[in-house]
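J.: Here is a sequence together with a model predicted from it:
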Amino acid sequence: MQMAVVNLQPGQTVYCEAGKFLFKTVNVTMETRLSGPSNGGQPQGGGGGMGGMLRQAMGTAMQVGQRMLAGESMAFQYFSAQGGEGTVGFAGVLPGEMRALELDGTRAWFAEKDAFVAAESTVDFGIAFQGGRTGMSGGEGFILEKFTGRGTVIIAGAGNFIDLNPADFGGRIEVDTGCVVAFEEGIQYGVQRVGGLNRQGIMNAVFGGEGLSLATLEGNGRVILQSLTIESLANALRKAQGGDKQGPTGGLFSTNAG
């Protein structure tokens, strides 16, 4: 299980997903807010007076609603150093690897909803809708988290990471839907069935243990995959405890151990 230890200079701020914080030095302040950074790290909304306050409140409510729809925490935690250098530690929620993504303002990054750990306040957080059919077929929901601006974003995943570029493999790769961690802007994400609805297609889906869909990633850009899916980890733990989520037919049909 890896963790990220961040050294903050006075005036620097990082924010994290609620539940990813581990420890901090006493000169680092912690503040919980409902809204994430947007527009260059500034709170949503703008202008002064009642109109500005109303726009900011509406922006916050929209972002909270989007995160609730994604099944994520409503709040972010912000950490700032006061009076000298401070230290704060973060970690993911599964045994695996962490990665620091450096954004230079030219390309956004997209991450599946459980990957985000923490980011500099200069990195803007947003939600990207993939479309209900594509997202639900992929098993990850239809919402990805989007990061823009300049600065560092820390992500985490299960197992080990591998970096690929579809352009190095003819422009397209097909991936287990649970293995996608993050990808750069310029990569097109989609979902396709494993073969047709014929005998071999059903054999692949039922006895291959992969279900009926694979994620497709096309274009020229970095793709980060994880070697362990949450589902396979849960199945391994269940089996070790005397149960077996998967029956003899693999991933499409399952049985519950009594």
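T.: Great, that's in hand. Numbers count the residues shown, from 1 in each chain.
J.: use CA for all of it now, contacts and neighbours both
T.: Fine.
J.: partners of the helix or strand that contains Arg150, with directions?
T.: Following DSSP states H and E, one finds Arg150 within strand 143-158. Here strand 143-158 has these sheet partners by DSSP bridges: strand 96-104 (antiparallel), strand 109-111 (antiparallel), strand 116-120 (antiparallel), strand 123-129 (antiparallel).
J.: what comes up buried for the longest one?
T.: Neighbour counts over strand 96-104 (16 or more other Cα atoms under 10 Å) mark 96-99, 103 as buried.
J.: Quick one, which of the strands paired with strand 143-158 gets closest to Asn165.
T.: Of all the strands paired with strand 143-158, it is strand 109-111 that lies closest to Asn165, at 14.1 Å by Cα to Cα.
J.: Stretch 106-126: end-to-end distance?
T.: Stretch 106-126 has an end-to-end distance of 16 Å (Cα to Cα, to the nearest Å).
J.: Could you give the number of residues near Gly171?
T.: Gly171 is flanked by 14 other residues according to other Cα atoms under 10 Å.
J.: Could you measure from it over to Lys146?
T.: 23 Å.
J.: go on, Glu174?
T.: 22 Å.
J.: okay, these two: which has more neighbours?
T.: The residue with more neighbours, out of Glu174 and Lys146, is Lys146; 23 against 16, by other Cα under 10 Å.
J.: can I assume the more buried one is in contact with Gly126?
T.: Yes - between Lys146 and Gly126 there is a contact under Cα atoms under 8 Å: 4.9 Å.
J.: what's the overlap in contacts for those two?
T.: The contact sets of Lys146 and Gly126 do not overlap (Cα atoms under 8 Å, 6 or more residues apart in numbering).
J.: remind me which residues of the stretch 101-250 of the chain are low pLDDT?
T.: 130-142, 194-212, 243-250 (pLDDT under 70).
J.: Let me see the contact set for Asp104.
T.: Counted by Cα under 8 Å, 6+ apart, Asp104 has contacts 149-151.
J.: part of a helix, is Ala167?
T.: Yes - under DSSP: H, G, I helix; E, B strand; the rest coil, Ala167 sits within a helix.
J.: do you know how far it is from Val153?
T.: From Ala167 across to Val153, the span is 24 Å (Cα to Cα).
J.: Could you check which of those two has the larger neighbour count?
T.: Counted by other Cα under 10 Å, Ala167 and Val153 do not tie: Val153 has more neighbours, with 25 against 16.
J.: Could you verify my assumption that Ala158 touches Leu228?
T.: Yes - counting by Cα under 8 Å, Ala158 does reach Leu228; the two are 5.2 Å apart.
J.: more crowded one of those two?
T.: Ala158 (23 against 18).
J.: so who does the residue nearest to the more buried one when sequence neighbours are not counted touch?
T.: Spatially, and ignoring its direct neighbours in sequence, Ala158 is nearest to Gly96 (4.2 Å; Cα to Cα, 6 or more residues apart in numbering). Going by Cα under 8 Å, 6+ apart, Gly96 touches 1-2, 156-160.
J.: of those, buried ones?
T.: Listed as buried from those are 2, 156-159; burial here means 16+ other Cα under 10 Å.
J.: what about Glu231, how many residues close to it?
T.: Using other Cα under 10 Å, Glu231 is surrounded by 11 other residues.
J.: how about the nearest residue to Asp163 once chain neighbours are set aside, secondary structure?
T.: The spatial neighbour of Asp163 that comes closest, neighbours along the chain excluded (Cα to Cα, 6+ apart), is Ile224 at 4.8 Å. Of the three states, Ile224 takes strand under three-state DSSP.
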